[in-house]
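**Q** Here is my input; please provide its structure:
(one chain, ligands or ions: 1)
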Amino acid sequence: MRTIKVGSRQSALALTQTGHVIQDLRDICEREGLAFDFEVHKIVTKGDLILDVTLSKVGGKGLFVKEIEQAMMDRTIDMAVHSMKDMPSELPEGLTNGAVPRRADPRDALISNGGLTLDQLPEGARVGTSSLRRSSQLKAYRPDLQLESLRGNIDSRLRKLETEGLDAIILAAAGLYRMGWQDRITEYLSEEACLPAVGQGALGIECREDDAELLHLLQLYNDPETAFPVLAERRFLSVLNGGCQVPIGAHAVWVSQHDADSPNGQNALQLTGMVGTPDGGLILKEALTGKDPVRLGEEVAWRLIERGAEQILAEVRG
Ligand SMILES: NCc1[nH]cc(CCC(=O)O)c1CC(=O)O
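**A** Below you'll find the predicted structure:
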C-alpha cells in the first residue's frame, strides 16, 4: 500500500478542499481496487504570510503555490489540491496537472449586511474585495460604490463584513459552498455584472510528471466536461500573461453549435473574456464559440489585445 503525501495550505478552505478530494480519491480506490492511502502535510506559502497588502502590490504569480511545488519537486509531498484560479498558467518543469475534478459554481457571490442585493445597496455603499477583477467590474456597474481592500481567508473576510462596518463583500460562491456556508450568500452576481476569475470554482490536482502510478489514479478523477472549458480559460489567461492579481476574467461554457456540418447541433465551447481598468472606466469583453479550447482561448485573447488589453495590463502591473 502506497501512502500519498498530500500538501495543503493551512487555511480552512484549503484543508476542506483537500479533505474532499482525498475522500473522492478513496472512493475511486475502493471502486477500482487500488491500494492507496493518503496523509495531509500542511505547508505555509508566501501568500498566507502577507495579509496586510493588496495582492496586486505583492507581485509575482503563484503566490499560494510556490512552496508547495518546491516540496513536490523535493519529494516531501506527492500531490497538492489547488483552487484552479490560484494556479499559475504555466507549471514548473517536472510537474503536471493530473486531474481537474467536476467544477462547482463558478460565480461570484455578494454577501451583504442586511440582505440587500447589489442593485439595492445604498448610494456610496462600502464593498470589500481585494480582487482587481471584482472591483473593476463593480465600479463599472455601480460607479458610486466605494470598493475597499479586503484580504485574508474567507473566514476572516466574513468576519470583517461585520467588524469593518462594510455594507457587503464579494466572495467566490464555490469557496462558501465547500465550507458549508452557502446560506451566507445574498446574491449570485450575474456574469454581465461580474465575470468570474479564470478557473473559478474548479480545482486542479498537481503531481510529478513521472509519478505514473498516481497519474493513473488521477486520470480516473478527471472530469473532461470541466477540464476543457478550464483549459480554454487558462489559455486565454496565459496569452494575456495574467494571474489572479490583474483585472482579467473569463468563463467558458458548453453550448450546442449549429453549422453546415452539424445542423442538429454539436458540443462546442463558448468563451467570454474580459480585461478592465482598475477604476472600471473601461471594460473590454469578447465572446467566441469554438471546438478547440486552446485556439478559442487564444482567439478571445487576441481580440482583446487588438482592442488595447495589453496596454491596460501593462499599466496595472506598473
Ligand atoms: N483567491 C483566493 C481564493 N481562491 C479560491 C477561492 C474560492 C474557491 C474557488 O474559486 O474555487 C478563493 C476565495 C475567493 O476568491 O472568494
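**Q** dump the residue contacts of Val21.
**A** Going by C-beta atoms under 8 Å, 6 or more residues apart in numbering, Val21 touches Val6, Val81, Pro101, Leu203, Ile205, Tyr221. To be clear about C-beta, it is placed using only N, CA and C from the backbone, and glycine gets the same treatment.
**Q** ok, the second one to Arg9 distance?
**A** Okay, so that is Val81. Distance of Val81 to Arg9, given as C-beta to C-beta, to the nearest Å: 9 Å.
**Q** Is Cys207 located within a helix, as I assumed?
**A** No - membership of Cys207 in a helix is not supported by DSSP: H, G, I helix; E, B strand; the rest coil, which gives strand.
**Q** what's the neighbour count on it?
**A** 23 (other C-beta atoms under 10 Å).
**Q** Assess the claim that it and Leu91 are in contact.
**A** No - Cys207 is beyond contact range of Leu91, at 10.4 Å (criterion: C-beta atoms under 8 Å).
**Q** Isn't Thr129 up against Leu150?
**A** Yes - with contact defined as C-beta under 8 Å, Thr129 reaches Leu150; the gap is 5.6 Å.
**Q** Which of the contacts of Val21 fall in strands?
**A** Assigned to strands by DSSP state E, the following of those qualify: Val6, Val81, Leu203, Ile205.
**Q** Mind picking the two most distant members of the residues you listed?
**A** The widest separation within the ones in strands among the contacts of Val21, taken as C-beta to C-beta, falls between Val6 and Leu203 and amounts to 12.5 Å.
**Q** Now list whatever residues contact both of these two.
**A** Val21, Val81.
**Q** More neighbours: which of those two?
**A** Leu203 (26 against 21).
**Q** give me every residue that touches the more buried one.
**A** For Leu203, the contact set (C-beta under 8 Å, 6+ apart) comprises Gln17, Val21, Val81, His82, Ser83, Met84, Val100, Pro101.
**Q** 7 Å instead?
**A** Leu203 makes contacts with Gln17, Val21, Val81, His82, Ser83, Met84, Pro101, as judged by C-beta atoms under 7 Å, 6 or more residues apart in numbering.
**Q** Hmm, Gly204 and the fourth one touching each other?
**A** Yes - when contacts are counted by C-beta atoms under 7 Å, His82 is listed as touching Gly204 (4.9 Å).
**Q** quick one on the thing from earlier: nearest to the ligand among the ones in strands among the contacts of Val21?
**A** Relative to the ligand, the closest of the ones in strands among the contacts of Val21 is Leu203; by C-beta to the nearest ligand atom it sits at 6.7 Å.
**Q** beta partners for the closest one?
**A** Ser83 (DSSP bridges).
**Q** Spell out which parts of this protein neighbour the ligand.
**A** Ser83, Lys85, Asp86, Ile154, Leu171, Ala172, Ala174, Gly175, Gln200, Gly201, Cys244 (C-beta under 6 Å from any ligand atom).
**Q** Swap in 8 Å and give it another go.
**A** Within the chain, the positions near the ligand by C-beta under 8 Å from any ligand atom are 13, 17, 55, 64, 83-86, 104, 106, 108, 131, 154, 157, 170-172, 174-176, 178, 196-197, 199-203, 244.
**Q** May I have the beta-bridge partners of the closest residue to Ile185 other than its chain neighbours?
**A** In this structure, Ile185 finds its nearest non-sequential neighbour in Ala109, 4.4 Å apart by C-beta to C-beta, 6 or more residues apart in numbering. Under DSSP bridges, the beta-bridge partners of Ala109 are Leu171, Tyr188.
**Q** Just list the residues touching the closest residue to Lys291 other than its chain neighbours, thanks.
**A** Of all residues not flanking Lys291 in the chain, Ala268 sits nearest, at 5.1 Å (C-beta to C-beta, 6+ apart). By C-beta under 7 Å, 6+ apart, the contact set of Ala268 is Val255, Gln257, Thr289, Gly290, Lys291.
**Q** Among the residues you listed, filter down to the buried ones and hand me the PyMOL syntax, if you would.
**A** Listed next is the PyMOL selection for buried residues among the contacts of Ala268, using 16 or more other C-beta atoms under 10 Å:
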select buried, resi 257+290
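**Q** Kindly indicate which of the contacts of Ala268 lies nearest Ser136.
**A** Proximity of those to Ser136 (C-beta to C-beta) peaks at Thr289, which lies at 25.2 Å.
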